[in-house]
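Enquirer: Please work out how this folds:
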Amino acid sequence: MSDGRHDFDFLHGSWTIRNRRLAARLEGSDEWLEFDSSARVRPILLGLGNEETISIPDLPGTGPFEGHTTRLFDPAAKTWSIFWASTGAPGRMDPPLTGAFEDGKGVFYGEDTFEGRPVRVRFDWIPDGPDRARWQQSYSADDGATWELDWVMDFSRA
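Expert: Have a look, this model is predicted:
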């Protein structure tokens with residue numbers, strides 16, 4: 001039985017991504033912005049992690065945007081930590097989200113701030129065979145009592 005270190009192996013390679021993001025987060029908005037991006041993911045640390053670079057040629061309201069994810073596996077805890085940095089917050093690495101895959105789906109939680117307010121953040125990773133996957137981000141402003149889905153990325157192998 002695997003300890004989880006290969007859970008993100010499905011993501012290695014090049015991807016095209018269709019994005020849907022709420023126009024206004026934590027405001028009850030139902031207006032979604034749609035745009036395309038691409039990503040490259042490669043293993044690091046002898047398979048105990050991976051890194052991803054995502055490029056968005058035209059993020060609505062922002063222009064060109066680039067992000068970097070580092071995912072690290074802890075074999076003792078059998079959990080992954082996900083770290084994010086981007087051109088949207090230069091010089092900053094967001095606090096990590098931590099979690100694991102169960103029954104083929106990865107769920108990861110962390111604490112952060114959004115527009116000066118503390119929020120809980122949840123990432124859901126849903127692989128769909130070797131050539132498709134979905135990532136979803138949700139925020140909670142009430143310590144996890146309710147969640148607002150605010151970003152969906154549908155990955156297709158390039």
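Enquirer: Beta-bridge partners for Thr53, please?
Expert: Beta-bridge pairing of Thr53, defined through DSSP bridges, involves Arg40, His68.
Enquirer: OK, contacts around it?
Expert: Ala39, Arg40, Glu66, Gly67, His68 (CB atoms under 8 Å, 6 or more residues apart in numbering). Using the backbone N, CA and C atoms, a C-beta is placed for each residue, glycine as well.
Enquirer: which of those tops the neighbour count?
Expert: In terms of neighbour count, Ala39 stands highest of the contacts of Thr53 at 21 neighbours, by other CB atoms under 10 Å.
Enquirer: So that one sits against His12, correct?
Expert: No - at 10.8 Å, Ala39 does not count as touching His12 under the criterion of CB atoms under 8 Å.
Enquirer: Thr16 versus Pro96, what's the distance?
Expert: Pro96 is 27 Å from Thr16, where distance means CB to CB, to the nearest Å.
Enquirer: between these two, who's got more neighbours?
Expert: Pro96 (18 against 13).
Enquirer: per-residue confidence at that one?
Expert: Pro96 is assigned a predicted lDDT (pLDDT) of 97.
Enquirer: Can you get me a residue count around Thr69?
Expert: 20.
Enquirer: Pull the contacting residues for it.
Expert: By CB under 8 Å, 6+ apart, the neighbours of Thr69 are Glu51, Glu52, Ile54, Ile82, Phe83, Trp84.
Enquirer: Out of the residues you listed, grab the one that's most surrounded.
Expert: For the contacts of Thr69, the largest number of neighbours (other CB under 10 Å) sits with Trp84, at 23 neighbours.
Enquirer: Kindly provide the whole-number mean pLDDT of the helix or strand encompassing that one.
Expert: Element membership for Trp84, per DSSP states H and E: strand 79-86. Averaged across strand 79-86, pLDDT comes to 97.
Enquirer: who does the helix or strand just after it pair up with?
Expert: Downstream of strand 79-86, the first helix or strand assigned by DSSP H and E is strand 97-102. Strand pairing for strand 97-102, determined by DSSP bridges: strand 79-86 (antiparallel), strand 105-114 (antiparallel).
Enquirer: ok, residues contacting the shortest one?
Expert: It stands for strand 79-86. Contact partners of strand 79-86, identified using CB under 8 Å, 6+ apart, comprise 4, 7-8, 65-74, 92-94, 96-100, 106, 108, 110, 123.
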